[in-house]
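J.: With the input below, show me the fold.
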Amino acid sequence: MNERSYERNKNTMDIKTTSPLKNESIQEVSKIFKMISDPTRLSILFLLQKEELSVGAIAHSLSMEQSAISHQLKTLKTSRLVKSKRAGKNMIYSLDDLHIFSILEQVSTHIEEQEKEK
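T.: Predicted structure coming up:
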């Protein structure tokens with residue numbers, strides 16, 4: 001494991017590191033974790049892993065309002081985790097990046113290991 005030293009500049013809040021990742025890359029990684037840290041967005045990603053769905057179908061599956069789902073889908077789309085296509089009057093959503101699930105599988109494995117240690 002690489003030894004990392006972090007120093008916070010109080011004025012700009014930039015993180016300086018000796019990590020092999022550049023500061024811009026660290027910021028991008030942080031944004032992805034922020035996207036998947038929200039339970040609703042995470043639930044949407046898991047639904048879309050199984051199949052392409054409309055806003056209405058996602059809202060029904062999660063027992064939420066369509067407007068709340070649309071807001072979360074816009075956020076996921078901006079982060080390029082979700083993409084959309086038009087099907088008649090509806091927008092159909094699907095995953096834009098399957099790499100996210102390799103991260104989620106690692107987190108799940110980590111949680112399972114912690115549960116076994118209890």
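J.: who's in contact with the most centrally placed residue in the chain?
T.: Geometric centre of the chain, nearest residue: residue 36, 3.0 Å, by Cα atoms, centre = their mean. Going by Cβ atoms under 8 Å, 6 or more residues apart in numbering, residue 36 touches 42, 45, 81, 100, 103, 104. Glycine gets a C-beta too; all of them are placed from N, C-alpha and C.
J.: Would you agree residue 95 is in contact with residue 47?
T.: No: counting by Cβ atoms under 8 Å, residue 95 stays clear of residue 47, with 9.9 Å between them.
J.: which stretches of this protein have low pLDDT?
T.: Along the chain, segments meeting pLDDT under 70 span 1-19.
J.: Let's see that with 80 instead.
T.: Residues of the chain that meet the criterion pLDDT under 80 lie in 1-21, 118.
J.: mind checking how far the longest helix anywhere in it is from the chain centre?
T.: When the chain is parsed with DSSP state H, its longest helix is helix 99-117. Centroid displacement of helix 99-117 relative to its chain, using Cα atoms, centre = their mean, to the nearest Å, is 15 Å.
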